[in-house]
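In: No sequence on hand, only this structure:
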């Protein structure tokens, strides 16, 4: 197994009415003037934002606000937030929303303390920041796990380039999680969110490292529980018990716990970033469209791991005489699961048309950083491998 450091400093405040503690928590972590960052008008119509404003007023915490975050959050809005923080003397950022809002908040928190363009961080051209504004989250959309992770992903509209950056400094100081705030999520968004959190676990699960059995057991438990919970909440959106499983599952899937002692892969995520960068699709749905083709392309690198997934996660009987057949049946079962919850299993289903060869080549160019980078660890994917997977996934 791999040596590892496990670091998860976020204070989680979970349960009904947990947002009541927001002012106390901001003060606890040193905030005196807060940027409240959020997405669309749903946060206002739901009553959550007015409640947050009222709680901060009551608690004597000054604030300004910036809305407008969209899925695949945009660099231009983050830069607007950076300027607002500098102008208003903001010393704390509170993200109210899901992963896109939290990722945008992290970008703002970096940029507010930098003397250069924050995009250079994501390009790998800037030194790791020695400081940033503290970030916290009131989670409304469980999926990305950004409320406990060190990662953020931003889309630069200039060229539709979507890049991630990871730094432990960006792990939120606290995360408020009230499952009732997720009752009104549309079915598609619920399913895409569960797909994303399952993929966060699978990116760590599909590895060449087979020695950390407890980590593997934990990963399989998360995957099985999310499979069950998503069907229950699609049938009954107000199922608090299962909404709670999903909300906590999203955090567990991406706070590093299911990757202790193994080497992460992340190829599916990097391949998908180009899909959502080019076509502005929902991230979880894009992952579902790419994963089956990636899995078939790389499964020979650790066939026993795909057999274990088929048997322990997808409930496929183990045909000991045909491990490849068992592995393929596991992939096919995952495809059926995706369809059952309304997710696509190829690019044509995702974008509603045939993708062109030129578009595939452009995504390959971007994913490989102009043919200079590889991705993945189970199988290191070169540009020609990336293109082959996109071709397999076209539908």
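Out: Noted; the coordinates are in hand. Since the model is a prediction, treat every value here as computed from it, not as a measurement.
In: Let me see the ranges of the strands in the stretch 51-200 of the chain.
Out: 62-66, 92-98, 135-141, 151-156, 161-166, 174-177 (DSSP state E, counting those that start in this stretch).
In: What strands flank the shortest one, and is each parallel or antiparallel?
Out: Next to strand 174-177 in the sheet, as set by DSSP bridges, lie strand 11-14 (parallel), strand 135-141 (parallel).
In: Highest mean neighbour count out of those?
Out: Of those, the one with the most neighbours on average (mean count of other Cβ atoms under 10 Å) is strand 135-141, at a mean of 28. The C-beta positions use only the backbone N, C-alpha and C, and glycine is treated the same way.
In: In JSON lines, list the strands paired with strand 174-177 along with distance to residue 182 and mean pLDDT.
Out: Formatted as JSON lines, the strands paired with strand 174-177 follow (distance: least, Cβ to Cβ, whole Å; pLDDT from 0 to 100):
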{"stretch": "strand 11-14", "distance to residue 182": "12", "mean pLDDT": "98"}
{"stretch": "strand 135-141", "distance to residue 182": "7", "mean pLDDT": "96"}
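In: how about the ones you listed, which one is nearest residue 301?
Out: strand 135-141 (33.5 Å; Cβ to Cβ).
In: And the residue nearest the centre of the chain?
Out: Nearest to the centroid of the C-alpha atoms of the chain, with distances taken as Cα atoms, centre = their mean, sits residue 144, at 2.7 Å.
In: who are the neighbours in contact with the residue nearest to that residue when sequence neighbours are not counted?
Out: Computed as Cβ to Cβ, 6 or more residues apart in numbering, the closest residue to residue 144 that is not its neighbour in sequence is residue 99, at 2.3 Å. By Cβ atoms under 8 Å, 6 or more residues apart in numbering, the residues touching residue 99 are 141, 143-147, 196.
In: repeat for residue 234
Out: If a contact means Cβ under 8 Å, 6+ apart, then residue 234 has 187, 190-191, 341 as its contacts.
In: To residue 364, which of the strands of the stretch 51-200 of the chain lies closest?
Out: Of all the strands of the stretch 51-200 of the chain, it is strand 161-166 that lies closest to residue 364, at 13.8 Å by Cβ to Cβ.
In: buried residues in that closest one?
Out: Of all the residues in strand 161-166, those buried under the rule 16 or more other Cβ atoms under 10 Å are 161-163, 165.
In: Considering those residues, which is situated nearest to residue 209?
Out: Nearest to residue 209 among those is residue 165, at 24.8 Å by Cβ to Cβ.
In: In stretch 185-197, which residues are buried?
Out: 185, 189-197.
In: Turn the residues you listed into JSON lines, columns for distance to residue 75 and pLDDT.
Out: What follows is the buried residues of stretch 185-197, written out as JSON lines (distance: Cβ to Cβ, whole Å; pLDDT from 0 to 100):
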{"residue": "185", "distance to residue 75": "26", "pLDDT": "92"}
{"residue": "189", "distance to residue 75": "23", "pLDDT": "94"}
{"residue": "190", "distance to residue 75": "28", "pLDDT": "96"}
{"residue": "191", "distance to residue 75": "28", "pLDDT": "98"}
{"residue": "192", "distance to residue 75": "23", "pLDDT": "97"}
{"residue": "193", "distance to residue 75": "23", "pLDDT": "96"}
{"residue": "194", "distance to residue 75": "28", "pLDDT": "98"}
{"residue": "195", "distance to residue 75": "25", "pLDDT": "98"}
{"residue": "196", "distance to residue 75": "21", "pLDDT": "97"}
{"residue": "197", "distance to residue 75": "25", "pLDDT": "97"}
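In: If you count neighbours, what's buried in the helix or strand of the chain with the lowest mean pLDDT?
Out: Ranked by mean pLDDT, DSSP states H and E, the helix or strand of the chain with the weakest confidence is helix 42-45, at a mean of 75. The neighbour-count check on helix 42-45 (16+ other Cβ under 10 Å) flags residue 43 as buried.
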